[in-house]
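Visitor: sequence and predicted structure below; questions after.
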Amino acid sequence: MAETFDLVVIGAGPAGEKGAAQAAYFGKKVAIVERSSRPGGAAAINAWVPSKTIREAALYLTGFRHRDVYEGLSLDLDPAFAVGRMRARSRHLIDVFTDDARRNIEMHGIELVHGEARLGRDRTIQVTPERGGAPRELRADAILIATGSRPFHPPGIDFTDPDIVDSETILDIDQPVSDLLVVGGGAVGCEYASIFRALGADVTLLDNAPRLVPFMDEQVSDGLAAALRDAGMRLRLQAGRVTVGRDAAGLAVTLPTGEVLRHDKVLFAAGRVGNTAGLGLGDAGIDANERGIIAVDDNYRTASAGIYAAGDVIGPPALASVSMEQARVAVCHAFDIDFKHVVDATPPVGVYSIPEVAGVGLTEQQASLEGIDHECGVAHFAHNSRSLIAGTTDGFIKLVFRADDRRLLGVHILGESATELVHQGQAVLRLGGTLDYFIETVYNVPSQSEAYKYAAYDGLKQLARRSG
């Protein structure tokens, strides 16, 4: 006999956990099926928790953030010791975050079922335990697919080679890396490239595109590229698709031009694919594309009645922050709960490179494409009191706004704490505010936030030049 639930969620990552908790909060009987021995998903176990932890540890241990301020002063650390300490810190925080997820599931009275899930007809799910035991059949009024994603492996690349890694297996490296080639100039590639550069590795970052993080404002993207070069990184943009093999000299990375690059290790950070293999989507009347991505409508419904999907498995933006909200909205629609109806159309995007980049709203280029009469104001951290004191002078805050009424359209930041600072601009944007908010607001001095005021002043100056 099938066990019945109001909602069964497949996957206990950010989307699955938060979607399940939303339904349970409103009194629904919920189960989560998770194949891993612990909840949290890729985000907690082998994505943003460990990578961001290693980033902070690298900055702390090496003093890289303040290298220009205290030139000539440094701490000489045993590289092997540093790697060991970073890995220990990462393992500790993975335990913290997965334990938090487990407690949240238990607190909401959600049943956590371990095993492989496969969809059947009439909203049934067959669960095969990982370590033997009797299979279980679950039936639900609604199903939420939140199985997440994994790194994309380009065909022809031998990922069994210990010196060819992806964004998950790179976390298994237990020895210092002295020379690294990163393939991929998106968020993950820039993050890992800058982390290993901070740790002292020779790093080359290679990408097909003409710009890094192409979803960001062009001025921010170009600024990041300049900052990475200033830190000693080599950038090879518009490089074309590479092939990787081994010869007598070791790893051989061949460009379309025939040039061969030699590096100790190669990290591929070239996108992700949805975890949909083995789910039995076809049996449930659901299709996925060649990257394992499931199509959904505005309410996160799949092609099969009563089955929803959220998070990385439905494709971009594939951010944990957005995935959680997608799942909450999906559940509210599934059970007609009058709580969350839509996901914020302008979520912030952050890249935890060194330095960070972040943005929310329209870029300058998007405003131009939409035919909006606009202006921009920029304030550089090189002229900000707090940044000068701290020695974190890379970057700027850029405000994009309407020329007629000064209404804020977008905020784009390169620099220390960009992923935190962006939320101030996000609040003004969401509330329909104008440049006047930043002009009239009193900021602490010294503070990085004060740069908002001077970016707004610069915006007024650009307007004045029009009439001058």
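Guide: Thanks, I have the structure now.

Visitor: spit out the contact partners of the closest residue to Ala24 other than its chain neighbours.
Guide: Spatial nearest neighbour of Ala24, excluding adjacent residues (C-beta to C-beta, 6 or more residues apart in numbering): His108 at 3.8 Å. (C-beta placed from N, C-alpha, C; glycine too.) Each residue near His108 by C-beta atoms under 8 Å, 6 or more residues apart in numbering is listed here: 20-21, 24-25, 30.

Visitor: check Pro39 too.
Guide: Counted by C-beta under 8 Å, 6+ apart, Pro39 has contacts 12-13, 17, 32, 98, 101-102, 105, 112.

Visitor: isn't Gly13 right up against Gly148?
Guide: Yes - Gly13 is within contact range of Gly148, at 4.7 Å (criterion: C-beta atoms under 8 Å).

Visitor: more neighbours: the two, which one.
Guide: Gly13 (31 against 24; other C-beta atoms under 10 Å).

Visitor: against Arg236, how distant is that one?
Guide: Remark: distance between Gly13 and Arg236 (C-beta to C-beta, to the nearest Å) = 33 Å.

Visitor: enumerate every residue touching Thr346.
Guide: By C-beta under 8 Å, 6+ apart, the residues touching Thr346 are 360-361, 426, 429-430.

Visitor: among those, name the ones in strands.
Guide: 360-361 (DSSP state E).

Visitor: now the contacts of Thr346: which count as buried?
Guide: Buried by 16 or more other C-beta atoms under 10 Å: 360-361, 426, 429, out of the contacts of Thr346.

Visitor: mind picking the two most distant members of those residues?
Guide: For the buried ones among the contacts of Thr346, the farthest-apart pair by C-beta to C-beta is Gly361 and Gln426; their separation is 7.9 Å.

Visitor: what do those two both touch?
Guide: 346, 411.

Visitor: A strand includes Ala379, no?
Guide: Yes - if the criterion is DSSP: H, G, I helix; E, B strand; the rest coil, then Ala379 is within a strand.

Visitor: who are the neighbours in contact with it?
Guide: 396-397, 451-455, 457-458.

Visitor: so which of those wins on neighbours?
Guide: Neighbours here mean other C-beta under 10 Å. Within these, the largest count is held by Ile397, at 32 neighbours.

Visitor: mind listing the strands for the stretch 101-250 of the chain?
Guide: 111-114, 116-119, 124-128, 136-145, 149-151, 164-166, 179-183, 202-206, 234-236, 243-247, 250-254 (DSSP state E, counting those that start in this stretch).

Visitor: returning to what we had before: let me have the contacts of Ala379 in TSV, extended by secondary structure.
Guide: Shown next, in TSV, are the contacts of Ala379 (three-state DSSP):
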residue	secondary structure
Phe396	strand
Ile397	strand
Ala451	helix
Tyr452	helix
Lys453	helix
Tyr454	helix
Ala455	helix
Tyr457	helix
Asp458	helix
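
Visitor: tell me the buried residues in stretch 272-284?
Guide: 272-276, 279, 281, 284.

Visitor: which ones are touching the closest residue to Pro135 other than its chain neighbours?
Guide: The shortest distance from Pro135 to any non-neighbouring residue, by C-beta to C-beta, 6+ apart, is to Thr128 (5.1 Å). Contacts for Thr128 (C-beta under 8 Å, 6+ apart) come out as 115-116, 118, 135.

Visitor: now do Met1
Guide: Here Met1 is in contact with Glu137 (C-beta under 8 Å, 6+ apart).

Visitor: going forward can the numbers begin at 465, since that is how I track them
Guide: With the count now opening at 465, the last piece we talked about shows up as Met465.

Visitor: what separation do you get for it and Ala604?
Guide: Applying C-beta to C-beta, the value for Met465 to Ala604 is 14 Å.

Visitor: now do Val864
Guide: Distance from Val864 to Ala604, by C-beta to C-beta: 45 Å.

Visitor: Tyr816 is in contact with Thr883, correct?
Guide: Yes - in this structure Thr883 lies within contact range of Tyr816 using C-beta under 8 Å: 6.5 Å.

Visitor: the two - which one has more neighbours?
Guide: Neighbours were tallied for Thr883 and for Tyr816 using other C-beta under 10 Å; the higher tally belongs to Tyr816 (21 against 17).

Visitor: my guess is Lys804 contacts Glu789. True?
Guide: Yes - contact criterion C-beta under 8 Å: Lys804 and Glu789 qualify, at 7.3 Å.

Visitor: ok, the two, which is more surrounded?
Guide: When Lys804 and Glu789 are compared for neighbours, Glu789 comes out ahead with 21 against 16, by other C-beta under 10 Å.

Visitor: show me the contacts for the more buried one.
Guide: 804, 807-808, 811.

Visitor: state the mean pLDDT of the helix or strand hosting it.
Guide: Taking DSSP states H and E as the definition, Glu789 sits inside helix 784-798. Averaged over helix 784-798, pLDDT sits at 97.

Visitor: what's the first helix or strand after it?
Guide: Assigned by DSSP H and E, the successor of helix 784-798 is strand 813-815.

Visitor: what's the pLDDT at Leu873?
Guide: Leu873 is given a pLDDT of 98.

Visitor: how are the helices of the stretch 615-764 of the chain distributed by residue range?
Guide: Remark: helices assigned in the stretch 615-764 of the chain by DSSP state H, counting those that start in this stretch are 651-662, 682-694.

Visitor: buried ones in the longest one?
Guide: Within helix 682-694, the residues that count as buried by 16+ other C-beta under 10 Å are 683-685, 687-689, 691-692.

Visitor: so what's the gap between that helix and the chain middle?
Guide: 19 Å (C-alpha atoms, centre = their mean, to the nearest Å).

Visitor: got the angle between that helix and helix 651-662?
Guide: Helix 682-694 runs at 30 degrees relative to helix 651-662, counting by axes from the mean of the first three to the mean of the last three C-alpha atoms, to 10 degrees.

Visitor: average model confidence for helix 682-694?
Guide: Helix 682-694 comes out with an average pLDDT of 97.

Visitor: can you dump the C-alpha atoms of it in PDB for me?
Guide: Extracted in PDB, the C-alpha atoms of helix 682-694 (Å, rounded to 0.1, in the frame of the first residue of the first chain):
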ATOM      1  CA  GLU A 682      30.100  45.700 -18.600                       C
ATOM      2  CA  GLN A 683      32.000  48.200 -16.500                       C
ATOM      3  CA  VAL A 684      31.900  45.800 -13.500                       C
ATOM      4  CA  SER A 685      33.000  42.900 -15.700                       C
ATOM      5  CA  ASP A 686      35.900  44.900 -17.100                       C
ATOM      6  CA  GLY A 687      36.800  46.100 -13.600                       C
ATOM      7  CA  LEU A 688      36.900  42.600 -12.300                       C
ATOM      8  CA  ALA A 689      39.200  41.500 -15.200                       C
ATOM      9  CA  ALA A 690      41.500  44.400 -14.400                       C
ATOM     10  CA  ALA A 691      41.600  43.500 -10.700                       C
ATOM     11  CA  LEU A 692      42.400  39.900 -11.400                       C
ATOM     12  CA  ARG A 693      45.200  40.900 -13.800                       C
ATOM     13  CA  ASP A 694      46.600  43.300 -11.100                       C
END
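
Visitor: which residues does that helix contact?
Guide: 654, 657-658, 661, 669, 675-678, 680, 699, 701, 815, 817, 819, 821, 823, 827-829, 842, 858-860, 862, 876-878.
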